[in-house]
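Q: got a sequence here, can you model it:
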Amino acid sequence: MKFLGVLLLILGWTGAATGRAADDNDVTPLIFSPGHLKPVDSVLKVKVGEKAPTFSLPAVTGGRVALAGFRGRKNVLISFVPAAFTPVCSAQWPGYQLARDMFDQRDVVLLGITTDNIPSLYAWTRAMGGVWFPVLSDFYPHGEVARKFGVLRSDGMAERALFLVDKRGVIRWIDVHDINQRPPLEDLEQALEKLPR
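A: As a prediction, this is how the structure comes out:
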């Protein structure tokens, strides 16, 4: 019975992350605040104009998603975030719900990546009310993909980082953002507008 109560609290939490009105089931206290962190704690290993490192990661929805699977078909925005159930991450990804048309118009697929495991990501994305893009786990080998890009922090979390990769697999834009802040959608919109058609 205790498990059912916790599950109902988690599933009832969507208001906190999506901006809808809170109700009696508001579980905002389940969001862990890590406090102020060092803004950037890694050394980037890639740069604009280079081919993006290849990867294949397990998805929350099952199966695996490989970056190479989009080559020649879609531009890709890779969104690394530090951790599930944290305040900024829980606002950043739902914010992309508002920008879905922007992605569709530029033929861009969004891939969300964290170093959390699949069960944690499943619970978190459900608590946020779901997201429209694939959510991938870089849990094992721990942080391997984040390490390839040079955004694995010393504490084992990924940076808050965005990589825009064109249909040829070339990195066109990078934003390794202050981990304590959400990247502005306006900056992303400007980067998307510069993609080759």
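
Q: residues contacting Gly150?
A: The contact partners of Gly150, by C-beta atoms under 8 Å, 6 or more residues apart in numbering, come to 42-46. In short, each C-beta sits where N, CA and C put it, glycine included.

Q: once you drop chain neighbours, what's closest to it?
A: Among residues not flanking Gly150 along the chain, Lys45 sits closest, at 3.1 Å (C-beta to C-beta, 6 or more residues apart in numbering).

Q: just confirm that neighbour contacts Lys148, I think it does.
A: Yes. Using C-beta atoms under 8 Å, Lys45 is in contact with Lys148, at 6.8 Å.

Q: circling back: neighbour-wise, which of the contacts of Gly150 leads?
A: Within the contacts of Gly150, most neighbours by other C-beta atoms under 10 Å means Ser42, with 20 neighbours.

Q: so what's that residue up against?
A: Taking C-beta under 8 Å, 6+ apart as the contact definition, Ser42 lies against 150-154, 159, 176.

Q: how many neighbours does Pro141 have?
A: By other C-beta under 10 Å, the residues close to Pro141 number 8.

Q: three-state assignment of it?
A: Under the three-state scheme (DSSP: H, G, I helix; E, B strand; the rest coil), Pro141 adopts coil.

Q: next one: Leu164
A: Strictly by three-state DSSP, Leu164 counts as strand.

Q: residue contacts, it?
A: By C-beta under 8 Å, 6+ apart, the contact list for Leu164 reads 75-78, 108, 171-174, 188, 191-192, 195.
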